[in-house]
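Asker: Provided below are the primary sequence and the corresponding predicted coordinates.
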Amino acid sequence: MRLTVRYFAGARAAVGVPDESFELPGDAATVRAAVEAVRRRHGDKVARVLPACSFLLDGVAVRDHDTAVLSGSQLDVLPPFAGG
């Protein structure tokens, strides 16, 4: 199943791209699996950012990382933002 991941702020700086698409195994298609795939693809730098991030799946905030991801979904990775 194909997933598009968009990165913002510090997450974008950590991975070096604004977005990417990749395949997740259909039997493990959850937000948790997607975040782990991002960690494996981009290593230590993003691994330090991800624990502080919030996630939107198809525009809806995700609190349960075991939420299923459907093919064609979009996951937004949002680190904490500063400012006001």
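Answerer: It's in. Computed from a prediction, not measured in an experiment: that's the story for all the values here.
Asker: Show me what the longest helix anywhere in the chain is packed against.
Answerer: The helix spanning the most residues in the chain, taking DSSP state H as the definition, is helix 31-42. Identification of packing neighbours for helix 31-42 by 3 or more CB pairs under 8 Å, 6 or more residues apart in numbering; DSSP states H and E yields strand 2-7, helix 9-15, strand 19-23, helix 44-49, strand 54-57, strand 73-78. In short, each C-beta sits where N, CA and C put it, glycine included.
Asker: where in the protein is pLDDT low?
Answerer: Scanning the chain for pLDDT under 70 picks out 82-84.
Asker: repeat that for 50
Answerer: In the predicted model of the chain, residues 84 satisfy pLDDT under 50.
Asker: quick revisit: what angle do the longest helix of the chain and strand 73-78 make?
Answerer: Counting by axes from the mean of the first three to the mean of the last three CA atoms, to 10 degrees, helix 31-42 lies at 70 degrees to strand 73-78.
Asker: Now helix 31-42: buried residues?
Answerer: Within helix 31-42, the residues scored as buried using 16 or more other CB atoms under 10 Å are 31, 33, 34, 35, 37, 38, 42.
Asker: Hmm, residue 37 is touching residue 21, no?
Answerer: No: using CB atoms under 8 Å, residue 37 is not in contact with residue 21, being 11.5 Å away.
Asker: can you pull the contacts of residue 48?
Answerer: residue 14 (CB atoms under 8 Å, 6 or more residues apart in numbering).
Asker: so how far is residue 61 from it?
Answerer: 22 Å (CB to CB, to the nearest Å).
Asker: Touching, residue 41 and residue 23? I think so.
Answerer: No: with contact defined as CB under 8 Å, residue 41 does not reach residue 23; the gap is 11.5 Å.
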